[in-house]
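Enquirer: take a look and give me a structure for this.
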Amino acid sequence: MRIDGMTHKRTLNWVTLLLLLHHWRGGKLKSSGHGESVTIPDKPNIIVLLADDMGWGDLCSYGHPSQECGAIDKMAAEGIRFMQWYSGDSLCSPSRAAILTGRLPVRVGVWGGERVFLTDGSGGLPKNETTIAEVLKDAGYTTGMVGKWHLGINEYLPGDGRHLPHHHGFDFVGTNLPFTNHWKCDESKVHMAHPSPIKCFLYWNSTLVQQPFNHDNLTASFLQDAVAFVHNNKDTPFFLYFSFAHMHTDMFSAPRFRNTSRRGRYGDGVLEMDWAVGEVLNTLVSLQIHNRTLVIFLSDHGGHLEICTEGGSNGILKGGKASTWDGGLRVPGIAWWPGVIAPGQVSQHLVSSMDVFQTAVDLAGVTPPKDRTYDGKSLVPILLQNTPFPTRDSAPTPRTLFHYCSDRLMAVRHGSYKAHFYTMELPTNYTNHCPSGVPMEEYFTSYDCYGPLVTHHDPPLLFNIDRDPGELYPLPLQQYTQVMIDIFQAKLQHEAKLVPGVPQCVETSVTLQPCCNPPFCYCNYRTAKYGRNQI
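Expert: Numbering: from 1, shown residues only. This next block holds a predicted model:
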C-alpha cells in the first residue's frame, strides 16, 4: 500500500491567516499547536473501520509478539496511535450505540436483559436518538454502512426490519450482518458439525439473502460494497461505517488467508481484516481523496478471554469482554488523515469511542440536537497536534469517564486514576475449557451486572492507571484523599443528572426471529445481483 501526499504547510503569520480566513471558502485553517497551520478541507469524508472483539494487545503496533505487521500498523505509523482509547461499553450492542450516538448506552436505552440485542428481540437503537449518519446527512453528506449492525432487527413482525440501519440515517446499506458472527456460525467443524441458521443470517440492505451465511467471501463482500460506495461518492462528502465481523467468535478467514499467520486461526483473521483495511486506504489514494478523508480504526471493546486462543489478547490489561476492568474497555484506536494528521504520533490522551460523534459533527460544521446530553468530545484538537511521542510536558488534560454494566455504574476513570465501585470475577482456570488453547464452549466467567460474581467495594478500589495499567496494586485511600473527593464529586454530579433511557434489550419473541423460508430458515439468494444500484 502506497500512501503519498504528506505535505508540511509553512508557518503563516497572523495577518496572512486572518486574510485567508476572511476570503477562503474551500476549507478551514487550524493550528497544529506547534507553530504550523494545516488546511482542513470543508466537510471532509469520514470513514470508521470497526473491528469486533479485538483486544488492545492484538496488533503488531500495540505490541503483540507474533502477530504479523500490516496495513493497520502502517496506518498507525502514518497517523496517530491512541494508547488510552476507551469503549463506551464492554459488549457489542451498547458499545456500538455509544459510537453512533456519542452518548452513554444507559442514556440511549441500550441496556437491560441480556445486555445485547438478540435475534428475536423487539428492541433496537431508539429512533429518537440521532446517529452520526443522520446528523451528517443534514450537513449534505451521503452515508453508507456495511458489515455488522447488532443494534436491533425487527420490532413487530418477523420481516419488518424496523431497527435496521436504513432507519437510522444510512442512505446506502450493503452486505450486512443484522445480528453478528456467532459461535454457532462455525463452518470449520472445530466446534460443531453445522452452523445454526437461527443465529447466522446475512442481509443486503434490508433483505435476507443467505441463511446460514458462508464465511469464505464475507469480508470480500463487505469490502466490495464499501469500495463501490467510495467510488460512487468520491466527488461529494460521504460518511462510511465499515463494521467488520472479525474478530468475533467463531474464528474464520477466507481460504487465501488460512494458515498464513504464525499466530494461528486468530492471526489468519487479523490478516484478512488487515487486507481489507489496506484496500480501503488504497482506494482513497488511487482516487486522490486521501487528503480530504479522515479514517478511524478501532475495536468495539476488548477481547473475549474465556475463549483462549480464539478470544484475542488484551496485553497487560486485566479482564476482558463484558467486564469493566481495562481489558474489557481499552481498545486499539488509530486515526489517519494524510496532510492533516502528522505521521508517527503516539497519544496518551484519554479518549472515548463516544468522541467519534463529536469529531464528525465538528468537522462537518453541523450542530447536533441540543435537547440531550452528549458524553463525547471532539478529537480535532488532538488530531491537529504534532507530538510524535508523549512527554511530561505534553501531559493530556484530565478527563472523567464513567464505566457502566447495563445501568449499574461500576467504575470511574478520572485523569490517571480509576475507582472501582463494583468488579466482576475474572477468569482463572483456562485448562478445563480450552485444551491446547482451543475453547470447548463459548462462555463468560461473569456477565450478569447484578449477579453473585459481582463484588461491591466500599470503599472503592483505586488504581493509578498510568503507573499500574494492569490494575494490580490498589492504592491506600488515606494517601489519596483529594483524588477520592474529586472522583466522588464527579460521580455524584453525573448520577444527579443522568436520566436512563427505556431499556431496549429486554423484550423477545420467537415470532420475530428472521427466517427466509419458514419453518426451515435455509436459503441462499446471493446469486441475485444485489448491489447494482448503489448510492
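
Enquirer: quick one, phi psi at the most centrally placed residue in the chain?
Expert: The centre of the chain sits closest to residue 300, judged by C-alpha atoms, centre = their mean, with a distance of 3.2 Å. Per-residue torsions, residue 300: phi -70, psi -30 (degrees, to the nearest 10).

Enquirer: look at it and report its pLDDT.
Expert: At residue 300, the model reports a pLDDT of 98.

Enquirer: next, the contact list for the closest residue to it other than its chain neighbours, please.
Expert: Nearest residue to residue 300 in three dimensions, chain neighbours excluded: residue 95, at 4.4 Å (C-beta to C-beta, 6 or more residues apart in numbering). For glycine as for every other residue, the C-beta is placed from the backbone atoms N, C-alpha and C. By C-beta atoms under 8 Å, 6 or more residues apart in numbering, the residues touching residue 95 are 87-89, 105, 300-301, 353.

Enquirer: dump those to TSV, plus secondary structure and distance to residue 460.
Expert: Putting those into TSV (DSSP: H, G, I helix; E, B strand; the rest coil; distance: C-beta to C-beta, whole Å) gives the following:
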residue	secondary structure	distance to residue 460
87	coil	21
88	coil	21
89	coil	20
105	helix	22
300	coil	27
301	coil	22
353	coil	24
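
Enquirer: the lengthiest strand in the chain packs against which elements?
Expert: As assigned by DSSP state E, the longest strand anywhere in the chain is strand 454-464. On a contact count with 3 or more C-beta pairs under 8 Å, 6 or more residues apart in numbering; DSSP states H and E, strand 454-464 meets strand 417-424, helix 481-497.

Enquirer: wait, which of these is closest to residue 332?
Expert: Proximity to residue 332 (C-beta to C-beta) singles out strand 417-424 among the helices and strands packed on strand 454-464, at 19.2 Å.

Enquirer: host element of residue 49?
Expert: Following DSSP states H and E, one finds residue 49 within strand 45-51.

Enquirer: hmm, back to that, I'd like the helices and strands packed on strand 454-464 laid out as JSON lines, including mean neighbour count and distance to residue 338.
Expert: Converted to JSON lines, the helices and strands packed on strand 454-464 look like this (neighbours: other C-beta atoms under 10 Å; distance: least, C-beta to C-beta, whole Å):
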{"stretch": "strand 417-424", "mean neighbour count": "23", "distance to residue 338": "35"}
{"stretch": "helix 481-497", "mean neighbour count": "13", "distance to residue 338": "38"}
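
Enquirer: could you dump the ones you listed to CSV with mean pLDDT and distance to residue 185?
Expert: Listed next are the helices and strands packed on strand 454-464 as CSV, based on pLDDT from 0 to 100; distance: least, C-beta to C-beta, whole Å:
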stretch, mean pLDDT, distance to residue 185
strand 417-424, 98, 26
helix 481-497, 98, 39
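
Enquirer: can you list the ones you listed in CSV and add distance to residue 228?
Expert: Formatted as CSV, these follow (distance: least, C-beta to C-beta, whole Å):
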stretch, distance to residue 228
strand 417-424, 42
helix 481-497, 43
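
Enquirer: of the ones you listed, give the one that comes closest to residue 402.
Expert: Closest among these, using C-beta to C-beta: helix 481-497, at 5.7 Å.

Enquirer: what about residue 325, distance to residue 485?
Expert: 24 Å (C-beta to C-beta, to the nearest Å).

Enquirer: apologies, that question was intended for residue 282.
Expert: Taken as C-beta to C-beta, the span from residue 282 to residue 485 is 52 Å.

Enquirer: do residue 119 as well
Expert: Residue 119 sits 46 Å away from residue 485, going by C-beta to C-beta.

Enquirer: and what of residue 372?
Expert: 29 Å.

Enquirer: now swap in residue 152 and tell me
Expert: In terms of C-beta to C-beta, residue 152 sits 41 Å off from residue 485.

Enquirer: what's the answer for residue 305, then?
Expert: 34 Å.

Enquirer: and residue 297, that one's in a strand?
Expert: Yes. Secondary structure of residue 297 (DSSP: H, G, I helix; E, B strand; the rest coil): part of a strand.

Enquirer: what sits against it?
Expert: Neighbours of residue 297 in contact, by C-beta under 8 Å, 6+ apart: 49-51, 72, 75, 277, 332-334, 336.

Enquirer: which residues does it bridge with?
Expert: Residue 297 has these beta-bridge partners by DSSP bridges: residue 49, residue 334.

Enquirer: for it, give me the pLDDT.
Expert: 99.

Enquirer: i'd like the first residue to be 676 from this point on
Expert: Okay, using 676 as the starting number, the last item reads as residue 972.

Enquirer: so what's the model's average confidence on stretch 1174-1188?
Expert: Average pLDDT, stretch 1174-1188: 93.

Enquirer: longest helix anywhere in this protein?
Expert: Assignment by DSSP state H gives helix 940-961 as the longest helix of the chain.

Enquirer: that helix versus strand 720-726: what angle between them?
Expert: 170 degrees (axes from the mean of the first three to the mean of the last three C-alpha atoms, to 10 degrees).

Enquirer: would you mark the buried spots in helix 940-961?
Expert: 940-960 (16 or more other C-beta atoms under 10 Å).

Enquirer: pull the CA atoms of it into CSV?
Expert: Written as CSV, here are the backbone C-alpha positions of helix 940-961 (Å, rounded to 0.1, in the frame of the first residue of the first chain):
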residue,chain,number,x,y,z
ARG,A,940,-6.5,-19.1,13.3
TYR,A,941,-6.9,-15.8,15.2
GLY,A,942,-3.9,-14.4,13.3
ASP,A,943,-5.3,-15.5,10.0
GLY,A,944,-8.5,-13.5,10.8
VAL,A,945,-6.4,-10.4,11.7
LEU,A,946,-4.6,-10.7,8.4
GLU,A,947,-7.8,-10.8,6.4
MET,A,948,-9.2,-7.8,8.1
ASP,A,949,-5.9,-6.0,7.7
TRP,A,950,-6.0,-6.7,4.0
ALA,A,951,-9.5,-5.1,3.7
VAL,A,952,-8.3,-2.1,5.7
GLY,A,953,-5.4,-1.7,3.3
GLU,A,954,-7.7,-1.9,0.3
VAL,A,955,-9.9,0.9,1.6
LEU,A,956,-6.9,3.1,2.1
ASN,A,957,-5.5,2.2,-1.3
THR,A,958,-8.8,3.2,-2.8
LEU,A,959,-8.7,6.6,-1.2
VAL,A,960,-5.2,7.2,-2.5
SER,A,961,-6.0,5.9,-6.0
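
Enquirer: can you give me how far that helix is from the chain middle?
Expert: 16 Å (C-alpha atoms, centre = their mean, to the nearest Å).

Enquirer: that one - contacts with which helices or strands?
Expert: By 3+ C-beta pairs under 8 Å, 6+ apart, helix 940-961 packs against strand 720-726, helix 746-752, helix 893-907, strand 968-974.

Enquirer: identify the residues contacting the nearest residue to residue 1131 once chain neighbours are set aside.
Expert: Nearest non-adjacent residue to residue 1131, counting by C-beta to C-beta, 6+ apart: residue 1097, 5.6 Å away. In this structure, residue 1097 makes contact with 999, 1080, 1083, 1085-1086, 1129-1132, judged by C-beta under 8 Å, 6+ apart.

Enquirer: ok, 6 Å please
Expert: By C-beta atoms under 6 Å, 6 or more residues apart in numbering, residue 1097 lies in contact with 1085, 1129, 1131.

Enquirer: nearest to residue 1170, of those residues?
Expert: residue 1085 (12.8 Å).

Enquirer: against residue 951, how distant is the residue nearest to residue 841 when sequence neighbours are not counted?
Expert: Distances taken as C-beta to C-beta, 6+ apart place residue 848 nearest to residue 841, at 5.2 Å, with adjacent residues excluded. Residue 848 is 18 Å from residue 951, where distance means C-beta to C-beta.

Enquirer: cool, residue 1077 as well?
Expert: With C-beta to C-beta as the criterion, residue 1077 and residue 951 are 33 Å apart.

Enquirer: likewise for residue 744?
Expert: Taken as C-beta to C-beta, the span from residue 744 to residue 951 is 16 Å.

Enquirer: brilliant, that's me finished.
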